[in-house]
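S.K.: no sequence for this one, just the structure:
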């Protein structure tokens, strides 16, 4: 790479990073937070003895996991106007990503809840707790420790998946990269730089995940 290439690389580095900090990360955080709420509700419905709730939850999970995220995003942004619902790019992206996280996260949380020994339920009932209180105070805290690693991986994947939002003109890391590449005509250089920055973001997030897991391990009996 010649000197002009290095200069372009350096000049574009901060704008792309800022696109990630101001667009990608907030988009991922908002979508993940909403998605976790959806995931918990769907997971509880999935293990419910009510067949209607369980069936509806199973259907939702099947649809989300059986269709591409890009299609889900396009249905919300381009398809909803056909029924009179017009959404801006940012809300559309958040809704699509949240629903996607909800579908995958629900199975993670469901598996974590089912991994808690049945004796823990019985212990709660023995001391006079109802099902809801036992779930909230005994089961979910234990399930949370089990679900942290896979949910963390889901978040890291979501950070990369937010690049799809550039297709509906959301300004985030990859959208900024596209604009710089189109202006400079240095597509290979800029897209490799974007890949490098995504990788750096994921390294930081993976390090944070490791710290959280080590702290949680302190409370797990060996």
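M.R.: Structure received. Model, not experiment: these values are computed from the prediction. Residues are numbered from 1 along each chain as shown.
S.K.: where in the chain is pLDDT low?
M.R.: 1-2, 217-222 (pLDDT under 70).
S.K.: where along it do the helices fall?
M.R.: 3-19, 25-46, 51-66, 69-74, 89-115, 118-126, 131-134, 140-161, 173-184, 187-217 (DSSP state H).
S.K.: which helices and strands sit right next to the fourth one?
M.R.: Secondary structure elements in contact with helix 69-74, counted by 3 or more C-beta pairs under 8 Å, 6 or more residues apart in numbering; DSSP states H and E, are helix 89-115. From N, CA and C alone the C-beta is placed, and that goes for glycine too.
S.K.: Now the helix it packs on: buried residues?
M.R.: 89-90, 92-110, 112-113 (16 or more other C-beta atoms under 10 Å).
S.K.: Please apply the same query to stretch 80-91.
M.R.: In terms of neighbour count (16+ other C-beta under 10 Å), stretch 80-91 has its buried residues at 87, 89, 90.
S.K.: Contacts for that stretch next, please.
M.R.: 27, 76, 77, 92, 95, 165, 168, 169, 170 (C-beta atoms under 8 Å, 6 or more residues apart in numbering).
S.K.: Residue 209 touches residue 159, doesn't it?
M.R.: No - here residue 209 does not reach residue 159: they are 11.8 Å apart, not a contact under C-beta atoms under 8 Å.
S.K.: who has more neighbours, the two?
M.R.: Here residue 209 and residue 159 are compared on neighbour count by other C-beta atoms under 10 Å; more neighbours surround residue 159, at 22 against 18.
S.K.: coming back round to it: can you list the buried residues of stretch 80-91 in CSV and add distance to residue 125?
M.R.: Formatted as CSV, the buried residues of stretch 80-91 follow (distance: C-beta to C-beta, whole Å):
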residue, distance to residue 125
87, 45
89, 49
90, 46
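S.K.: Return the member of those residues nearest to residue 178.
M.R.: residue 89 (14.3 Å; C-beta to C-beta).
S.K.: Distance check, the closest one against residue 161.
M.R.: Noted for residue 89: a distance of 15 Å to residue 161, by C-beta to C-beta, to the nearest Å.
S.K.: Stretch 130-146 spans what distance, first to last residue?
M.R.: End-to-end distance for stretch 130-146: 23 Å, by C-alpha to C-alpha, to the nearest Å.
S.K.: Tell me the buried residues in that stretch?
M.R.: For stretch 130-146, by 16+ other C-beta under 10 Å, it's 134, 135, 138, 139, 140, 142, 143, 146.
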